[in-house]
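[1] My questions concern the predicted model and sequence given below.
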Amino acid sequence: MSRMPTITPTDLFSARVQAGTLRDDVDQVAVLPQLDLLAERMNQPVERVEKRGLQIWRPLEGKKSPRGLYLHGPVGRGKSMLMQLLFDAAAVSAKRRVHFHPFMEELHQRMHRCNPPRGIDMLDYIASELSQETRLLCFDEFFVTNIGDAMLLGRLLESLFKCGVTLCATSNWAPENLFQGGYNRLSFIPFLKILQQNVTILDLAHGVDWRRNPLTDGSEGELQTFDQIFESCTAEQPTPRVIRLKKEEMTAVAAANGCYWFDFAELCQRSLGRTEYLDLCSKAQVVLLSDIPVLTEELSDPALRMVVLIDLLYEHGIPMRIDAAAPVDELCTGGPVSFTYQRTASRLYELMRKPLPEVAA
């Protein structure tokens, strides 16, 4: 018999509703029993065994590892929050939550240094290594934008399933809509069938977008200029400064006391990437980004950089304020970013509502 976890996702959800940090959303409540069931099944006893030269998880009771979950729906429906409830409630130490970008970076690094034994497929070997530390893999913001990543991720997850890893994923898209319209998508179809065989699909398409309908209205009263925002955060006049992000020297409109103000051209139109933006996240308490143009197809590369920047600021919980040529919802009009911009816009709204740091008295 498996043991019930000491606390369930439903328990955690109810506690947060009572504390006033969540609202009682009907669509979210409807999927809680599935989260509770998976949390319970993750508690079943397992052992590590060797199969065809690879180490895998094998349940001591039953024949298969627990079936995973795939939560999909538009931005702001609480998918990531629900997955976190499962992650917190699952009474298993070998669990991991990860976002798409860092996971793919890690995968490429593992492939670069991987030296599997003769006759063992590289991705099977990497999956076995990953499963050593992960029985429950919580994969946030599941999406693919190019055929290389699509095929690589598909093959790896297929191998992880064989190694007894249980997947819980969130995505803005139903599985059948992943990589829709992508080049050579037909070669991705077999993986979609394997995914659907290993997860239960949960649709959150019709709930409320809680990022745009927060518990408080998030207003800051009278609109402020960037000069005023900078001064209120730093008690200093805005003065241009040269700063270093990793090996890149950048000219900030102003920077002091953890407040960094850049214009779009300097931060997004230069050849910067995740490494430089992570360095900014390690330094910043608030980021101001001014002079953002309408993001047409001709600005696809800068738009992609801005998406990466917003994703990282969101993951690190860093407030952001922007000055743009159009409202947030109308800012992106073309290029590859336009297909996923709704997610970015929702995250940007949330960052713009975060309270700004105050100068210590």
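    Right, received. Where do you want to start? Keep in mind that this is a model prediction, so the values were computed, not measured.

[2] How far does the strand or helix carrying A30 sit from its chain's centre?
    For A30, the enclosing helix or strand under DSSP states H and E is helix 26-41. In terms of Cα atoms, centre = their mean, to the nearest Å, the centre of helix 26-41 is set 21 Å apart from its chain centre.

[3] Same check on stretch 35-50?
    24 Å.

[4] how long is that stretch end to end?
    This stretch, stretch 35-50, spans 30 Å end to end (Cα to Cα, to the nearest Å).

[5] still on that earlier bit, what lies in contact with the helix holding A30?
    2, 4-5, 8-10, 13, 66-69, 71, 77-78, 81-82, 85-86, 89-91, 166, 168, 200, 202, 204, 206-207 (Cβ atoms under 8 Å, 6 or more residues apart in numbering). For glycine as for every other residue, the C-beta is placed from the backbone atoms N, C-alpha and C.

[6] List buried members of these by neighbour count.
    5, 8-10, 13, 66, 68-69, 71, 77-78, 81-82, 85-86, 89-90, 166, 168, 202, 204, 207 (16 or more other Cβ atoms under 10 Å).

[7] Which positions within the helix or strand that comes right after the helix holding A30 qualify as buried?
    Later in the chain than helix 26-41, the nearest helix or strand by DSSP H and E is strand 46-51. Buried residues in strand 46-51, defined by neighbour count with 16+ other Cβ under 10 Å: V46.

[8] now stretch 294-312
    Those would be 295, 299-300, 302-312, for stretch 294-312 by 16+ other Cβ under 10 Å.

[9] Among those residues, which ones are in strands?
    Nothing among the buried residues of stretch 294-312 maps onto strands, per DSSP state E.

[10] Out of the buried ones among the contacts of helix 26-41, list just those in helices.
    9-10, 13, 81-82, 85-86, 89 (DSSP state H).

[11] from the residues you listed, which single one is nearest L278?
    Nearest to L278 among these is M81, at 24.0 Å by Cβ to Cβ.

[12] can you tell me how far that closest one sits from F13?
    As judged by Cβ to Cβ, to the nearest Å, M81 and F13 stand 9 Å apart.

[13] Identify the contacts common to those two.
    Common neighbours of M81 and F13 (criterion: Cβ under 8 Å, 6+ apart): 22, 28.

[14] burial count for K283?
    14 (other Cβ atoms under 10 Å).

[15] Was I right to think it contacts G258?
    Yes: the pair formed by K283 and G258 meets the contact definition of Cβ atoms under 8 Å, at 7.0 Å.

[16] re the thing from before, among the ones in helices among the buried ones among the contacts of helix 26-41, which has the minimum pLDDT value?
    Lowest pLDDT among these: M81, with 88.

[17] show me where pLDDT drops low in the stretch 151-300 of the chain?
    For the stretch 151-300 of the chain, the stretches with pLDDT under 70 are 181-183, 207-224.

[18] ok, the buried residues of stretch 294-312 vs P355, which is closest?
    Using Cβ to Cβ, I310 comes nearest to P355 of those, at 18.0 Å.

[19] could you pull out the helices for the stretch 251-361 of the chain?
    Assigned by DSSP state H, counting those that start in this stretch, the helices in the stretch 251-361 of the chain fall at 264-268, 274-283, 300-316, 341-353.

[20] ok, and what's touching the third one?
    If I follow you right, that is helix 300-316. Identification of contacts with helix 300-316 by Cβ under 8 Å, 6+ apart yields 99, 101, 264, 267-269, 272-274, 277-278, 280-281, 284, 287, 289, 292, 295, 320, 332, 334-337, 340-341, 344, 347-348, 350-351.

[21] List the residues that contact T239.
    254, 256.

[22] swap the cut-off to 10 Å and go again
    Going by Cβ atoms under 10 Å, 6 or more residues apart in numbering, T239 touches 230, 252-256.
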